[in-house]
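J.: quick one: sequence and predicted model below, then my questions.
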Amino acid sequence: MAARAIPRKTGFQVWYEPAAIPIYAVVGIACAGAGWYLTRLARSDDIVWDRHNNPEPWRKIPPGTNTKLYAINKDFFEQSKAKAKELQA
């Protein structure tokens, strides 16, 4: 009897093993989320990149501005904006 030939897997079949696809998806989403968060941090007013021209950046943020990532009580910022306008008038 002749021995059966064992089918060889191609590189595509080895790399994209069906059981590994969720792992690739989770790692990809985690890397994208980390990149988004780092970009958000780098562009926000909380980070000081140039201390010589802007030594106190927190003074440029107007009162009532939401600087949080997630605000549970959004009405708080609306109320504080109204109070800031009353104080200025």
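T.: The structure has been received and is ready for your questions.

J.: show me what the helix or strand that contains residue 38 is packed against.
T.: Element membership of residue 38 [criterion: DSSP states H and E] is helix 21-43. Helix 21-43 is packed against no helix or strand, with contacts defined by 3 or more CB pairs under 8 Å, 6 or more residues apart in numbering; DSSP states H and E. For every residue, glycine as well, the C-beta is placed using N, CA and C.

J.: C-alpha coordinates for the very next helix or strand once past it, CSV please?
T.: Following the chain from helix 21-43 toward its C-terminal end, the next helix or strand by DSSP H and E is helix 74-88. Once side chains and other backbone atoms are set aside, the C-alpha atoms of helix 74-88 remain, and they are given as CSV (Å, rounded to 0.1, in the frame of the first residue of the first chain):
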residue,chain,number,x,y,z
LYS,A,74,-23.4,66.8,31.8
ASP,A,75,-25.8,69.4,33.3
PHE,A,76,-23.1,70.4,35.8
PHE,A,77,-21.0,71.9,33.0
GLU,A,78,-24.1,73.8,31.6
GLN,A,79,-24.8,75.2,35.1
SER,A,80,-21.2,76.2,35.6
LYS,A,81,-21.2,78.0,32.3
ALA,A,82,-24.3,79.9,33.3
LYS,A,83,-22.8,80.8,36.6
ALA,A,84,-19.6,82.1,34.9
LYS,A,85,-21.7,84.3,32.6
GLU,A,86,-23.6,85.7,35.6
LEU,A,87,-20.3,86.5,37.4
GLN,A,88,-18.9,88.3,34.4
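
J.: could you check how far the residue most central in space within the chain is from residue 44?
T.: Nearest to the mean C-alpha position of the chain, by CA atoms, centre = their mean, lies residue 37 at 2.5 Å. The span separating residue 37 from residue 44 equals 11 Å under the rule CB to CB, to the nearest Å.

J.: sketch out the low-pLDDT regions of this protein for me.
T.: Counting by pLDDT under 70, the chain contains low-confidence residues at 1-3, 14-15, 45-46, 64, 69, 71, 74, 76-77, 89.
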